[in-house]
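> the amino acid sequence is not available; the structure is as follows:
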């Protein structure tokens with residue numbers, strides 16, 4: 001049995017009376033026909049154009065056909081083609097979002113439509129030689145809507161022209177700055193230089209604290225200051241190790257450890273000194289290597 005709505009009962013009874021399915025009208029029929037109930041609001045939202053509506057996917061079309069075209073009444077999402085192109089543009093050019101922009105609106109009136117638009121706008125440079133990201137987005141949408149180009153091809157053409165014009169503008173600015181410096185112009189510090197200057201000031205503010213901590217650590221009993229002894233100057237020419245062999249024959253022991261400042265020194269245990277005595281120099285180099293090992297084992 002079909003679903004009945006309370007606000008449409010009198011309409012149903014009127015239809016049944018016309019078809020003579022009911023011979024006599026009910027007692028309430030005349031009163032309800034004179035004062036009908038308030039109709040319920042429409043469940044289906046009004047039809048909208050494709051200008052700001054979201055495109056339906058194949059899955060949504062199949063679901064609507066399966067359920068007889070019925071869907072839950074809800075507010076439709078407002079989407080624009082410019083938002084889709086703008087989202088892809090800033091995904092490909094993330095650093096464009098860091099360029100400084102003025103957000104103060106000096107003129108509250110809406111800007112007039114540019115003279116070059118529609119089919120007449122075929123190149124991005126027709127509007128400006130220094131395009132902004134918004135100009136590139138509008139140009140891509142214009143190519144798609146008025147020149148019948150696919151959105152992918154229109155976006156690629158807009159991005160290519162945007163990069164070319166931006167490169168020309170940067171090169172022109174660089175050469176203009178060099179020319180101005182050649183004629184004696186002096187520019188203020190750049191943002192990077194200002195950042196380095198702030199960093200130096202911050203380091204200088206930490207310097208007294210670091211120096212106080214260093215002086216405090218030098219007063220500790222276990223603090224030791226190491227210094228390298230004055231090494232002799234290198235010989236003028238290579239002696240092929242003759243100087244080293246002469247010192248070895250005389251029994252001069254080379255020392256590679258730095259001395260402690262202030263005359264402090266470490267005491268070496270007698271057993272270690274006895275084991276570390278140099279071996280007698282012999283003619284056989286193999287015997288010179290073996291003798292210290294045997295002597296250490298005997299000790």
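Nice, I can see it. Every value quoted in this text rests on a predicted model; they were computed, and no experiment measured them.

> show me where the chain has its helices.
With DSSP state H as the criterion, the chain has helices at 9-18, 29-34, 58-66, 81-92, 133-146, 151-182, 191-218, 242-250, 270-275, 285-298.

> average pLDDT across the last one?
The average of the pLDDT scores along helix 285-298 is 45.

> what does the fifth one give?
For helix 133-146, mean pLDDT rounds to 94.

> and what of the fourth one?
Per-residue pLDDT over helix 81-92 has a mean of 94.

> tell me the buried residues in that helix?
For helix 81-92, burial by neighbour count (16 or more other CB atoms under 10 Å) applies to 81, 85, 86, 88, 89. (Glycine included, C-beta is placed from N, CA and C.)

> okay but the second one is in contact with residue 143, surely?
Okay, so that is residue 85. No. Assessed by CB atoms under 8 Å, residue 85 is found out of contact with residue 143, at 10.5 Å.

> closest to residue 114 out of the helices of the chain?
Among the helices of the chain, the nearest to residue 114 by CB to CB is helix 133-146 (8.9 Å).

> rewinding a little: so which of the helices of the chain gets nearest residue 123?
helix 151-182 (6.8 Å).

> would you list the buried residues of helix 81-92 in TSV and tack on distance to residue 131?
Shown next, in TSV, are the buried residues of helix 81-92 (distance: CB to CB, whole Å):
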residue	distance to residue 131
81	19
85	14
86	14
88	17
89	12
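
> show me which pair in the residues you listed is furthest apart.
81 and 89 (12.5 Å).

> follow-up on the earlier one: list just the nearest of the buried residues of helix 81-92 to residue 113.
Of all these, residue 81 has the smallest distance to residue 113: 17.5 Å, by CB to CB.

> what's the closest of the helices of the chain to residue 40?
helix 9-18 (12.4 Å).

> what comes up buried for the closest one?
Neighbour-count burial for helix 9-18 flags 10, 13 (criterion: 16+ other CB under 10 Å).

> got it, and stretch 181-198?
Result for stretch 181-198 [16+ other CB under 10 Å]: no buried residues.

> what's the answer for stretch 131-143, then?
Quick answer for stretch 131-143 (16+ other CB under 10 Å): 131, 133, 135, 136, 137, 138, 139, 140, 141, 142, 143.

> make CSV from those residues and add distance to residue 16 to it.
Listed next are the buried residues of stretch 131-143 as CSV, based on distance: CB to CB, whole Å:
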residue, distance to residue 16
131, 70
133, 66
135, 66
136, 66
137, 60
138, 61
139, 64
140, 61
141, 56
142, 60
143, 61
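
> ok, back up a step: could I get the helices of the chain as CSV with distance to residue 74?
Shown next, in CSV, are these (distance: least, CB to CB, whole Å):
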stretch, distance to residue 74
helix 9-18, 28
helix 29-34, 33
helix 58-66, 13
helix 81-92, 20
helix 133-146, 28
helix 151-182, 28
helix 191-218, 48
helix 242-250, 92
helix 270-275, 89
helix 285-298, 92
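
> to residue 75, which of the ones you listed lies closest?
Using CB to CB, those put helix 58-66 closest to residue 75, at 16.0 Å.

> what about the closest one, average pLDDT?
If you average the pLDDT values across helix 58-66, you get 58.

> again, but for stretch 165-177
pLDDT averaged over stretch 165-177 gives 94.

> one step back: and the helices of the chain: which comes nearest residue 105?
Taking CB to CB, helix 133-146 is the member of the helices of the chain nearest to residue 105, at 14.9 Å.
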